[in-house]
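> here is a sequence with its predicted model. Questions after.
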Amino acid sequence: MTPDALLQEFLRATGAERESAALETLLSGALEPLVRAVVGRRLGGSTPAQDREDTAADALAELIERIMKAKTGQNEPITNLGAYAATTAHHSCDRYLRDRYPRRHRLRSRVRYFVENSVEHIAWQSASGEHFCALRAAQHASAPELSPNWFFEAPIPGRASESAIIDALLRYAQGPVPFDLLAEAVGHLTGIGDETPADWSTAETSVATDAPAIESLIDQRRRLERLWREICSLPVPQRRALLLNLRDESGNSALIILPATGVASMREIAVILEIDAVALAEIWGRLPLSDLEVAEKLGIQHQQVINLRKAARERLGRRLSSSNAGDGNIPGRSPSN
């Protein structure tokens, strides 16, 4: 039976026993599989299983409340339960991602805003509740067969803006692209896709977002000095991939706090990057560089930049976490890319 048919069975049921049985059938036969499919697709295997379970449970609880109100006449009837359930599950995922990956969530909002307000692009929701994007001229084309690394295959101009990247990706696809897939691709190309969860210990956390909340300037400097020592211990390629892209929550360069606090001068930063001090000074005003710019400057592939930065974060996270007990609370929350 369809979700709508099962819903009608529940709405017509009378008596506590029949209502309970009908609701159980509705949940197990329609809502739970649909919600878990959306959550699984949105959050993926990299999200902790308990987080996926909690996100699905939140969506199901919201659906049950809505259905019960519809039965008692407190809310308008639900005309398409499948689409409504999928939308509710998407909203539950959005809340999770907003809290867990704040920068990635803001990126998704920017991508959605651009596509929905662009003359040449269009966004829509399918009957199953999934959101798609495309060039307007390609909205009704067949769904493209995209490889896992399709965004690296698309011709993206150097130093491209987010809007230019979105346009280039949709032109390359020449057909409907799931919004989640498009946002993920833009995230990879701009260095936001590999953002570390907000409650993990990461390197740039200390520099980028927690500094204003540190009560003692002495404590702040001690933390930054500890972070700087750990960054200096990284392999040179990891240092470069991390620091040249280091940014605060607003997207500005977070490197400036190091010379501003006296932790490291621009010359010292140049030394550990193994870059000439004059060359660093020339690009200082353009920091943070995008992943594409870092790759071009270092003469490596774009994916290598992402991999190197991820390895640097993980190593710093482990080192900082292991020293927390004896070194106070090293900041480790709400990272920026």
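Structure's in. What do you need? Numbering: from 1, shown residues only.
> ok, residue 248 to residue 238 distance?
Summarising the geometry, the distance separating residue 248 from residue 238, computed by C-beta to C-beta, to the nearest Å, is 20 Å. Glycine gets a C-beta too; all of them are placed from N, C-alpha and C.
> low-scoring stretches of the stretch 201-337 of the chain, by residue?
Along the stretch 201-337 of the chain, the model assigns pLDDT under 70 to residues 201-219, 250, 260-261, 277-278, 322-337.
> and if we set it to 90?
Within the stretch 201-337 of the chain, the stretches with pLDDT under 90 are 201-226, 245-271, 275-293, 296-299, 301-303, 305-306, 316-337.
> which residue ranges of it form strands?
In the stretch 201-337 of the chain, no segments count as strands under DSSP state E, counting those that start in this stretch.
> what's stretch 60-78 in contact with?
By C-beta atoms under 8 Å, 6 or more residues apart in numbering, the residues outside stretch 60-78 that reach it are 7, 10-11, 23, 26-27, 31-32, 35, 84-85, 88, 92.
> again with stretch 84-98
By C-beta under 8 Å, 6+ apart, the list of residues contacting stretch 84-98 reads 3, 30-31, 34-35, 38-39, 42-43, 51, 54-56, 58-59, 62-63, 66, 78, 104-105, 108, 125, 128-131.
> of these, just the buried ones, PyMOL syntax please.
In PyMOL, selecting the buried portion of the contacts of stretch 84-98, with burial taken from 16 or more other C-beta atoms under 10 Å, looks like this:
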select buried, resi 3+30+31+34+35+38+39+42+43+55+56+58+59+62+63+66+78+104+105+108+129+130+131
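> show me the contacts of stretch 84-98 that map onto helices.
3, 34-35, 38-39, 42-43, 51, 54-56, 58-59, 62-63, 66, 104-105, 108 (DSSP state H).
> now stretch 283-301: buried residues?
Along stretch 283-301, these residues count as buried under the neighbour rule (16+ other C-beta under 10 Å): 287, 288, 289, 290, 291, 292, 293, 294, 295, 298, 300.
> no, scratch that, I was asking about stretch 21-28
Residues 22, 23, 26, 27 are the ones in stretch 21-28 that count as buried (16+ other C-beta under 10 Å).
> also stretch 111-126?
111, 112, 114, 115, 118, 121, 122, 123.
> tell me how many other residues crowd residue 281.
One way to gauge burial is a neighbour count; for residue 281, by other C-beta atoms under 10 Å, it gives 13.
> from residue 270, how far off is it?
8 Å.
> need the contact list for residue 281.
Taking C-beta under 8 Å, 6+ apart as the test, what residue 281 contacts is residue 266.
> do you know how far residue 314 is from residue 38?
29 Å.
> then residue 232?
Between residue 232 and residue 38 the distance, using C-beta to C-beta, works out to 44 Å.
> same deal with residue 55?
Taking C-beta to C-beta as the measure, residue 55 and residue 38 are separated by 10 Å.
> can you check residue 287 too?
With the distance defined as C-beta to C-beta, residue 287 ends up 39 Å from residue 38.
> residue 82 too?
Distance from residue 82 to residue 38, by C-beta to C-beta: 11 Å.
> shared neighbours of the two, anything?
residue 129.
> next, name the residue at the spatial heart of the chain.
Residue closest to the mean C-alpha point of the chain, counted by C-alpha atoms, centre = their mean, is residue 104 at 3.0 Å.
> pLDDT score for that residue?
pLDDT, the model's per-residue confidence, is 80 for residue 104.
> residues touching stretch 141-157, excluding its own?
Applying C-beta under 8 Å, 6+ apart, the set of residues contacting stretch 141-157 from outside is 134, 164-165, 168-169, 171-177, 181, 185-186, 188-189, 292, 302-303.
> OK, contacts around residue 135?
120, 121, 122, 170, 171, 174.
> now do 10 Å
By C-beta atoms under 10 Å, 6 or more residues apart in numbering, residue 135 lies in contact with 115, 118, 120-122, 141, 167, 170-171, 173-177.
> what does residue 13 give?
Taking C-beta under 10 Å, 6+ apart, we find residue 13 in contact with 19, 20, 21, 22, 23, 25, 26, 71.
> distance of the fourth one from residue 187?
Noted for residue 22: a distance of 42 Å to residue 187, by C-beta to C-beta.
> these two touch, right, residue 302 and residue 291?
Yes: taking C-beta atoms under 10 Å as the definition, residue 302 is a contact partner of residue 291 at 5.7 Å.
> what sits in contact with each of these two?
Shared between the contact lists of residue 302 and residue 291 (criterion: C-beta under 10 Å, 6+ apart) are residues 188, 189, 191.
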